[in-house]
Structure formats: structure tokens, C-alpha cells
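> Kindly return the folded structure for what I paste below:
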Amino acid sequence: MIKAEIREHLEGKILPFWQGMKDAEYGGYYGYMDEGLHLDKKADKGCILNSRILWTFSTAAEVLGREDLRPWADQAYDFLSRFEDLENGGVVWSVTYDGKPADTTKHTYCQAFAIYGLAAYYRLTGKEEAKEKAMALFQVIEEKCRDAGGYLEALKADFTPESNEKLSENGVMAGRTMNTLLHVIEAYAELWRACPDEAVWEAGRRALRQCLETVYNPEKRRMEVFFDRDFVPLLDMQSYGHDIEGSWLIYDAAKAMLPEEERAPWKEMCLNLLRSATERGFTDRGLKYEIVNGEENGIRAWWPQAEAMLGFAFGWEMTGETAWLKRMKTQWRYILGTMVDHRDGGEWFNELREDGSSIGKPMVEEWKCPYHNGRMCLRLTAAELPEEI
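Have a look, this model is predicted:
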């Protein structure tokens, strides 16, 4: 059964790999390993990477009932303080290997993932300090990282504007992005589940409405990706990975923060995103990356492959159609056969060509982490799936 295989893969491959990234000398987790499995112990350490590791080990300890994983969550939690700016508030983008400020950009995306990790750690441990830190970052986002139009992107250390290279690509400089909004929604839903607070609930509901009413394009059945400050799309683009991730993630947040009688518009949107990404991007060789101005990028990146599994599980849960279970089987076999690095000491490849050949991307860097594939394994381990898969 796939569910048993997924748990075995999580506990036998993904978690041990990231346990091996622990920096016992300087704290936190190492920030870089190349595709040849060569570790750079003096690479900068990213806040996104550390926060996602914090979430993964905190959630794994809870979902798997493994108290022995708690110290790995503690390791990430203790190092998170190195990213904190005690003078201005918030967390910075990265620090040096020994915990000194490196890139002091305050990105809304970073604040959201720190909340996400802290909420999971608080749920595991009940540690009040973690809750206080998460709520303080929530206040930072709401007071310093948004304006009347919505959430901002990159800011300087003092929260004055900065250009958004970090979450822009394809030749545009985005004033707002779908990606940041998506993960603010995710962070607020996680925070709400860990410690219900009316302000978090109100902010989460507002973000969900903006996703439905502004970011989602019902005619093209996709989320627009990059916007100017007035939410005018900058590219004719569909990100298959984000749409399939958004399908289950947005509805998961809606279930947490909206009463059942209000969820219908989000359910319709999420099923449209799932069906659109699947029809246009899914093959028996995994999920394609994106299409921009009519040109398709057929790269197979690690994270959309994990998100496809969760999207297909969502499709089955919402519709009961067995086609979604068949797609899960196909996708899981592709992941095991192509995306997983079966070398001793390996995890998942970062990006591959359509034929499965390597592009040479690192195994560990500020974005490559146990979040997407670890989250996929954890959610499916806890899910009610039929015996036939």
C-alpha cells in the first residue's frame, strides 16, 4: 500500500538526510550541499530553510508519535533566534554559518514561514515563548508588511521598500506575488490551529478572500503569479506546481478558518486549479513546471512532484473519483523511480530534465528543504486512504 511506503520513505530517507544536516558546532542546520553530496559547512543559513526544518521535525514528532525527533525540532527552534532583529522586529533572510546577520532583507515570505514553524513547535511543546514569537511576527506582518492593497514583498531591515528579486523571475520585478499570499494563508491557518486568536482569524479570512477575488483567474482556471502593486498581472503564466499546491492548501486553510456553509466558492476554485494543472501539466513522467507566454518549461522540480501527490489526494477526497487514486499511483512510482536520489546519503534531486537527467542543482540550499516532500509524506501518513492504493 502506498501509505505504508510513504511513511517508510519519510522515516528511512527524508528525515535521516536532514538529521545529517545538523550543525552541532554552530547551531541550526547546514545551508548548502551540492549535487555531488559535498557539504559546505560555512555556507550561509537561510531563514526559510531553518523555519521549514523546524516545521518538519515538530510535525513529524507529533504525527508519527516519535518523541525522539523532538531534539531535532529544538535544534531548529534554538537557532531561529539568530534570524531575529531585536531592534526593528521580524526575521532576516539569512545569517552566516555561525549565526551573524548576512542578508538583512525582511521579506514577508520569510516572516510567514517563521510563523509556520513556530506554530508547529508550539503545538508540539506547549512552549509559551514559541507562541509569543509567532504572535509577534504576525503583528509584524500585519503592521509592517502590508498596505491597503494587500501584502508587500521585500523590505529593508527597517521595513522600508526594497526591490523583490528574491520572489521574481522570468524577467519581471513583482510588486506582489501569489506565492507570498499563498504562504501567508498557510502560516495563518497553522497559527490559528495552534493558538486560536481572533485577529489571526480575521486576517486569514481576508487573505483567503483576496486569493479568491484577486489572484484567481476563473476564465483561465489558474492563479496569476506575478503582479504590480495594483494587482495587475505581469505575465501570461501558469505555474502548474503552485496551482496544484494551492488547490489543497487553500481549501485546507478554508476548512480551518471558514464555517462549512461559506466554503463553496473556495472548493470550486480549488477543484478548478487542480483539474487545470492536471490536464495541462501532468504526465506519466511527473508534473511539468510552468508555461510562460505560451512556452512550456518541462523541467521536473522536486517540489511540484510532492505537491501533485497532495493535490490528487485532495481530488479524491472532494470527488470520490478513482481517477485521482490512479494518478497518485502513477506519480508515486515516478517519484520513487526518478526523483528520489538512491545514492547513500542522498534525498530527492532538486531539478531534472524531462528525460530524468540531472541539471546539477544543489541538494540543500535556502529553498531546497524537507518541507514539500516531508509535508507530503506527513499528510498522507495521517490521511484516510483506501486500501487499494
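> Check which helices and strands the host helix or strand of R206 is in contact with.
Per DSSP states H and E, R206 falls inside helix 198-210. Judged by 3 or more CB pairs under 8 Å, 6 or more residues apart in numbering; DSSP states H and E, the packing partners of helix 198-210 are helix 128-144, helix 178-194, helix 240-257. From N, CA and C alone the C-beta is placed, and that goes for glycine too.
> Flag every buried residue along it.
Using 16 or more other CB atoms under 10 Å as the test for burial, helix 198-210 gives 200-201, 203-205, 207-208, 210.
> quick one on the thing from earlier: turn the helices and strands packed on helix 198-210 into CSV, columns for distance to G281 and mean pLDDT.
Below are the helices and strands packed on helix 198-210 laid out as CSV (distance: least, CB to CB, whole Å; pLDDT from 0 to 100):
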stretch, distance to G281, mean pLDDT
helix 128-144, 31, 98
helix 178-194, 16, 98
helix 240-257, 3, 98
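> ends of stretch 78-95, how far apart?
14 Å (CA to CA, to the nearest Å).
> contacting residues around it?
In this structure, residues lying in contact with stretch 78-95 by CB atoms under 8 Å, 6 or more residues apart in numbering are 27-29, 31, 44-47, 50-51, 54, 99-107, 110-111, 114, 117-118, 133, 136-137, 140, 144-145, 157-159, 166, 366.
> can we see that at 7 Å?
27-28, 44-47, 50-51, 54, 99, 101-107, 110-111, 114, 137, 140, 157-159, 366 (CB atoms under 7 Å, 6 or more residues apart in numbering).
> Weed out the non-buried ones from the residues you listed.
Here, 16+ other CB under 10 Å leaves 27-28, 44-47, 50-51, 54, 99, 102-107, 110-111, 114, 137, 140, 157, 159, 366 buried among these.
> Show me those residues that map onto helices.
Of the buried ones among the contacts of stretch 78-95, the ones assigned to helices by DSSP state H are 47, 50-51, 54, 110-111, 114, 137, 140.
> I'd like these laid out as CSV, including distance to L37.
Converted to CSV, those look like this (distance: CB to CB, whole Å):
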residue, distance to L37
C47, 24
N50, 21
S51, 24
L54, 24
C110, 27
Q111, 32
A114, 28
L137, 34
V140, 37
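> Make sure G346 is actually in contact with D34.
No. Using CB atoms under 7 Å, G346 makes no contact with D34, being 11.9 Å away.
> Touching both of these two, which residues are there?
Common neighbours of G346 and D34 (CB under 7 Å, 6+ apart) are M363.
> What does the pLDDT read for E62?
With respect to pLDDT, E62 scores 97.
> cool, R353 as well?
97.
> my guess is E387 contacts M1, does it?
Yes. Here E387 reaches M1: they are 6.5 Å apart, a contact under CB under 7 Å.
> Looking at these two, which is more packed in?
Of the pair E387 and M1, M1 is the one with more neighbours under other CB atoms under 10 Å, namely 10 against 6.
> before we move on, back to that, can you tell me what sits against the helix holding R206?
138, 142, 150, 181, 184-185, 188-189, 191-192, 253-254, 257-258, 266.
> ok so, going back, in CSV, list the helices and strands packed on helix 198-210 along with distance to L64.
Formatted as CSV, these follow (distance: least, CB to CB, whole Å):
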stretch, distance to L64
helix 128-144, 20
helix 178-194, 18
helix 240-257, 20
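> Which among these is found nearest to H9?
helix 240-257 (19.5 Å; CB to CB).
> Report all helices and strands that that closest one contacts.
Packing partners of helix 240-257 (3 or more CB pairs under 7 Å, 6 or more residues apart in numbering; DSSP states H and E): helix 178-194, helix 198-210, strand 222-223, helix 264-281, strand 286-287, helix 302-319.
> Same list, the ones you listed, but as a markdown table with distance to A61 please.
Formatted as a markdown table, these follow (distance: least, CB to CB, whole Å):
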| stretch | distance to A61 |
| --- | --- |
| helix 178-194 | 14 |
| helix 198-210 | 23 |
| strand 222-223 | 32 |
| helix 264-281 | 29 |
| strand 286-287 | 29 |
| helix 302-319 | 20 |
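> one step back: just the buried ones from the contacts of helix 198-210, in ChimeraX syntax?
Those of the contacts of helix 198-210 that count as buried under 16+ other CB under 10 Å are selected in ChimeraX with:
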select :138,142,150,181,184,185,188,189,191,192,253,254,257,258,266
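> And the contacts of helix 198-210, which is closest to D236?
D236 lies nearest to L181 out of the contacts of helix 198-210, by CB to CB, at 19.5 Å.
> Spit out the contact partners of that closest one.
With the criterion set at CB under 7 Å, 6+ apart, L181 makes contact with 150-151, 207, 210-211, 215.
> Can you add pLDDT and give these back as a markdown table?
Below are the contacts of L181 laid out as a markdown table (pLDDT from 0 to 100):
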| residue | pLDDT |
| --- | --- |
| G150 | 97 |
| Y151 | 98 |
| A207 | 98 |
| Q210 | 98 |
| C211 | 98 |
| V215 | 98 |
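> Pipe those residues into CSV and attach distance to G311 per row.
Compiled in CSV, those are given as follows (distance: CB to CB, whole Å):
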residue, distance to G311
G150, 25
Y151, 24
A207, 20
Q210, 22
C211, 16
V215, 17
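> Now flag whichever of those is closest to W248.
If you rank the contacts of L181 by distance to W248 using CB to CB, C211 comes first, at 13.6 Å.
> and the closest one, how many residues sit next to it?
C211 has 23 neighbours, counted by other CB under 10 Å.
> coming back round to it: just how off-centre is the helix holding R206 within its chain?
Helix 198-210 sits 19 Å away from the centroid of its parent chain (CA atoms, centre = their mean, to the nearest Å).
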